[in-house]
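*Asks:* A predicted structure for the sequence below; I have some questions about it.
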Amino acid sequence: MDYLPAVEMLSSPDVTPDAAVIWLHGLGADGHDFAGIVPELRLPKSLGIRFVFPHAPSIPVTINNGYVMPAWYDILAMDIDRKVDTAQLTRSAEAVHALIEREIARGIDSRRIVLAGFSQGGAVILQAALTCDRALAGAMSLSSYFATEATIQPHPVNASLPVLVCHGSYDPVVNESLGIRAEAALRQMGHPTEYHRYPMEHSVCLEEVRDMSAWLQARLT
């Protein structure tokens, strides 16, 4: 089977991994974008996690005048509701499901797999996590939005999936109102959620890294 190409890193190179984090980048980036965050998480050396950072395919992006760039789906309009190509987003979520199955084949219990995504990647992992037919450990949505809130058909096995939502209060790309709306929708669906706000733009800050580390350890330790 063809899988998305990816950068892989171990949290503790000397420990056999028994957990996995599949982490999607944002528009125009690639899998290397977040690989450097692994040591910054300062996870316990006893915790064996395989981090998988897939590369999105390159496609024309409408909001960028059709310029071809790495993207999980096409963005058709940058209005508050974020008009996106839902079919492409769903295909990307299915590609994430394939990566989950690969981790299971490698010996990782699905209940020790976390999905994470920044911006576009966050929209994909919400779709992927909530529709996955394997029970997962949790999902992290970073500076993102719930693009398929109105169309998603969740799988009951992840009906109570914990979700961490992080957002910058000065984000000029994905307004924080979208992060707040995503968290509210997830909570209404029955998901245990945590929402963290940071004085930053469309990026990642040290305080957020520390919060992500604590949340991951709570799920995987």
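*Replies:* Sure, I can see it. Residues are numbered from 1 along each chain as shown.
*Asks:* what is the neighbour count of the nearest residue to Pro199 once chain neighbours are set aside?
*Replies:* Distance criterion Cβ to Cβ, 6 or more residues apart in numbering; nearest residue to Pro199, sequence neighbours excluded, is Ser169 at 5.7 Å. In short, each C-beta sits where N, CA and C put it, glycine included. Number of residues near Ser169 (other Cβ atoms under 10 Å) recorded here: 11.
*Asks:* who touches Ser169 in this structure?
*Replies:* Residues counted as contacts of Ser169 (Cβ atoms under 8 Å, 6 or more residues apart in numbering) are Glu176, Arg197, Tyr198, Pro199, Met200.
*Asks:* do the same with Thr16
*Replies:* By Cβ under 8 Å, 6+ apart, the neighbours of Thr16 are Gly48.
*Asks:* re the thing from before, type out the ChimeraX command that picks the buried ones from the contacts of Ser169.
*Replies:* In ChimeraX, this line selects whichever of these come out buried by 16 or more other Cβ atoms under 10 Å:
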select :198,200
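*Asks:* which one of the contacts of Ser169 sits closest to Val163?
*Replies:* Comparing these against Val163 with Cβ to Cβ places Arg197 closest, at 15.4 Å.
*Asks:* which phi and psi does the closest one have?
*Replies:* phi -110, psi 140 (degrees, to the nearest 10).
*Asks:* which residue is the nearest non-sequential neighbour of it?
*Replies:* Closest to Arg197 by Cβ to Cβ, 6+ apart is Ser169, at 5.3 Å.
*Asks:* could you check how far the spatially closest residue to Glu194 that is not a sequence neighbour is from Ile125?
*Replies:* Excluding its sequence neighbours, the residue lying closest to Glu194 (Cβ to Cβ, 6+ apart) is Leu164, at 5.0 Å. Distance of Leu164 to Ile125, given as Cβ to Cβ, to the nearest Å: 11 Å.
*Asks:* looking at this, Trp215 is in a helix?
*Replies:* Yes: Trp215 forms part of a helix when assessed by DSSP: H, G, I helix; E, B strand; the rest coil.
*Asks:* what sits closest to it if chain neighbours are left out?
*Replies:* Leu164 (4.8 Å).
*Asks:* shouldn't that neighbour be within a strand?
*Replies:* Yes: judged by three-state DSSP, Leu164 forms part of a strand.
*Asks:* Cys132: neighbour count?
*Replies:* When neighbours are counted by other Cβ under 10 Å, Cys132 comes out with 23.
*Asks:* tell me the contacts of it?
*Replies:* Counted by Cβ under 8 Å, 6+ apart, Cys132 has contacts His97, Ile100, His155, Val157, Asn158.
*Asks:* and the helix of greatest length in the chain, what other elements does it pack with?
*Replies:* Taking DSSP state H as the criterion, the chain has its longest helix at helix 86-105. With contacts defined as 3 or more Cβ pairs under 8 Å, 6 or more residues apart in numbering; DSSP states H and E, helix 86-105 has these neighbours: strand 19-24, strand 49-54, strand 113-118, helix 120-131.
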